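**Student:** Predicted coordinates and the sequence they were generated for:
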Amino acid sequence: MTDVETYIKGLKEKIISRDPDQSEFQEAVFTVIDSLKPVLKKHPEYIKANILGLMVEPERVIQFRVPWQDDKGNFQINRGFRVQFNSAIGPYKGGLRFHPSVNLSIVKFLGFEQILKNSLTGLPIGGGKGGSDFDPKGKSDLEIMRFCQSFMTELQKHIGPDLDVPAGDIGVGGREIGYLYGQYKRLNGSQNGILTGKGLQYGGSLARIEATGFGLIYYLDALVKDQNDTLKNKVVKISGAGNVAIYALQKAQEKGAKVVTVSDSNGYIYDSNGIDLATVKQIKEVERARIKEYADKIKTAQYFEGSVWDLSIDYDIALPCATQNEIDGKKAQLIAKDGVKYIAEGANMPSNTEAIKVYKDNQIIYGPAKAANAGGVAVSALEMSQNSERLSWSFEDVDGQLQDIMQDIYDKTAAADKEYDLGKDFQAGANIAGFEKVAKAMLAQGLV
Ligand code: NDP
C-alpha cells in the first residue's frame, strides 16, 4: 500500500468508528476522499498536516429541541440542527432543510458537500447546513409560522452576518425564510443579511429564486458546448417539481430543449409534447398542490405512480432535481439503456455510488451536484454582498454574474480533469478544484 492509500484507509476507519450510523455522511465523504488520491500524491504536505482529517470533522455541531403548538392545541417537539462545518474561506453558508428524514447524518453530508461547492463558486463562503425533522406538508400557515419562530429562537444564538448565514433548502422556501427572518429581527432588534433567499421587499436578491435551476442549465450548457454539442432539440427528463426543477425546466426550454417529465414523491408526469411551464408553476407555486393535477389540466399528459427513473423512453439528458439517492444502480442501468448522453445533478447527491459507477462505465458525461447546482449558493453570496452594500442589483446584473460563475465552475472542473488526466471525470475534477482552495486556506491558517 502506498502512503496515500494507508492514509485514506486510516481516515475511513476513523470516520466509521466515530459515527458508525451516519451512512449518508460516510458515502459523501468516501466518494470525495477517494477522488483526491492524485492530489494527495502530488501534495504530501496535505497528508503531513492531516488536512482531510480536519476537514471531515465539523468545526461545530449544534443540536436543539424545537417545541411548538399545533392548531389543535397539542404540544409538538422536533429536532433542530446546524452544522458549522468549515470557515476556512468565509462565513458558514448553506441551507436549512425541513423534512421528516432530516437527521445528523444528512445534515453532515450536506454540510460537507457544501464546503467544496462553496469553494467552487470562487466566492468567500465557508460550508454549513442545518434543518429539522419537521414536516411542513399538510401544516397550516400558522403552524409553519409558530414552528419557524421557535426554531429561530434557538438558532439566532449561533448565527450572524459575519459568522453563519443560512438559506433555504427542501421544505424551506420564501414563506419560511420570511417567518425565520421576522423572528430573528424581533429578537435581535437589528436588520442585517442574516438569511438569504429573503423576499424582494426586505433585502432579497433578484434571480435568487431562479438561481439553482438556471445555474444548472448554464453549467450543463457549458459542459455540452465543450463536447461540441448543443442543448437545442435535446429531450430531457427532470425529476422533482420544486424550486430547482421548475427553473431548470424554464431555462432548458429557453435553450431549445424539450423537457418531458416532472415529478413529486408520489409519482410523475410524462408529456411527450413537452411539459407546460405555466401549468407547473400554477400547480406548485400558486395552488401548492400535487403534480398529479397536471394530468387533469393537460390532456396529452399521463400521470404514473412511482419513480420517474423507472420510465423507459428515448431521451438525451437526465436532470435529477428532487432529493438524495433517488437514482440507484438499477435506475442508472435504465438511464444508460435509454441512450442518455449527459446527466447533471440539480439535487444534492441524487445518484448513489453504484449509479455513478454505471454512468462512468457507460461513458455518460456526468456533472456532479456540487458543481452543477452551485448557482443557488452563488446568488446567495451575491445577496450577502448587496445587503452589505445596502444596494439591490438588477435581475440582468445578477443573472449575468450567475452565468459567469457557472461557466467558471465548469472551466475549473475541466481544468482539474485535464491536469490530473482523469478522462472526463468531472466529479473528481469538481472535488479536486473545490478541495485545493480550502486546503490551501486551511494550511495557511495553521492547526485551528
Ligand atoms: P423543494 O422542496 O422545492 O422541491 C423538492 C421536490 O422534490 C418536490 O417536488 C418533492 O416532492 C420532490 N421530492 C422530495 N423527496 C422526494 C422523494 N423521496 N422522491 C421523489 N421526489 C421527492 O426543494 P428544492 O427544489 O429546493 O430542492 C431540491 C433538491 O435540490 C434538494 O436536494 C436540495 O438540497 C437541492 N438544492 C436546492 C437548492 C435551492 O436553491 N433550492 C440549492 C442547491 C441544491 P414532494 O412535494 O412530494 O415532497
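**Tutor:** Alright, I've got the coordinates.
**Student:** Might you quantify the distance of stretch 333-352 from its chain's geometric centre?
**Tutor:** Centroid separation for stretch 333-352 versus its chain: 16 Å, with C-alpha atoms, centre = their mean, to the nearest Å.
**Student:** How about stretch 68-88?
**Tutor:** That offset, for stretch 68-88, works out to 20 Å (C-alpha atoms, centre = their mean).
**Student:** end-to-end on that stretch?
**Tutor:** End-to-end distance for stretch 68-88, by C-alpha to C-alpha, to the nearest Å: 35 Å.
**Student:** Name the residues that touch stretch 350-358?
**Tutor:** Stretch 350-358 is contacted by residues 27, 31, 239, 320-329, 331-333, 335-336, 343, 345, 359, 364, 366, 369, 427 when judged by C-beta atoms under 8 Å, 6 or more residues apart in numbering. All C-beta spots, glycine's among them, are computed from the backbone N, C-alpha and C.
**Student:** I meant to write stretch 201-214 there.
**Tutor:** Outside stretch 201-214, the residues that touch it by C-beta under 8 Å, 6+ apart are 174, 178, 181, 191, 193, 196-198, 200, 243-251, 321, 346, 373, 375-376, 378-380, 382-383, 386-387, 392-395, 398-399, 402.
**Student:** Would you show me how to pick out the buried ones of those in PyMOL?
**Tutor:** Selection command for PyMOL covering only the buried members of these, criterion 16 or more other C-beta atoms under 10 Å:
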select buried, resi 174+178+181+193+196+197+198+243+244+245+246+247+248+249+250+251+321+346+373+375+376+378+379+380+382+383+386+387+393+398+399+402
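**Student:** sorry, back to before: write a ChimeraX command that selects only the buried members of the contacts of stretch 350-358.
**Tutor:** Under the burial definition 16+ other C-beta under 10 Å, those of the contacts of stretch 350-358 that qualify are selected in ChimeraX by:
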select :27,31,239,320,321,322,323,324,325,326,327,328,331,332,335,336,343,345,359,364,366,369,427
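**Student:** Now, the contacts of stretch 350-358 that are in strands?
**Tutor:** 239, 320, 343, 366 (DSSP state E).
**Student:** which residues sit in contact with the second one?
**Tutor:** This points to residue 320. By C-beta under 8 Å, 6+ apart, the contact set of residue 320 is 239-240, 309, 326-327, 343, 345-347, 350-351.
**Student:** Alpha carbons of the helix or strand hosting residue 143, as CSV, please.
**Tutor:** For residue 143, the host element (DSSP states H and E) is helix 141-155. In CSV, the C-alpha atoms belonging to helix 141-155 read as follows (Å, rounded to 0.1, in the frame of the first residue of the first chain):
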residue,chain,number,x,y,z
ASP,A,141,-49.6,28.8,7.6
LEU,A,142,-50.0,29.5,11.4
GLU,A,143,-48.4,26.2,12.3
ILE,A,144,-45.5,26.9,9.9
MET,A,145,-45.1,30.3,11.5
ARG,A,146,-45.1,29.1,15.0
PHE,A,147,-42.6,26.4,14.1
CYS,A,148,-40.2,28.8,12.4
GLN,A,149,-40.4,31.3,15.3
SER,A,150,-39.5,28.6,17.7
PHE,A,151,-36.7,27.2,15.5
MET,A,152,-35.2,30.7,15.1
THR,A,153,-35.5,31.5,18.8
GLU,A,154,-32.7,29.0,19.4
LEU,A,155,-30.8,29.2,16.1
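**Student:** any idea of the mean pLDDT for the helix or strand where residue 220 lies?
**Tutor:** Assessed by DSSP H and E, residue 220 sits inside helix 208-226. Averaged over helix 208-226, pLDDT sits at 97.
**Student:** what does stretch 106-122 give?
**Tutor:** pLDDT averaged over stretch 106-122 gives 97.
**Student:** center of the protein, which residue is that?
**Tutor:** Nearest residue to the geometric centre of the chain (C-alpha atoms, centre = their mean): residue 348, 4.3 Å.
**Student:** Now for the nearest residue to it once chain neighbours are set aside: which residues touch it?
**Tutor:** Spatial nearest neighbour of residue 348, chain neighbours left out: residue 369 (5.0 Å); criterion: C-beta to C-beta, 6 or more residues apart in numbering. Residue 369 is in contact with 113, 117, 345-350, counting by C-beta under 8 Å, 6+ apart.
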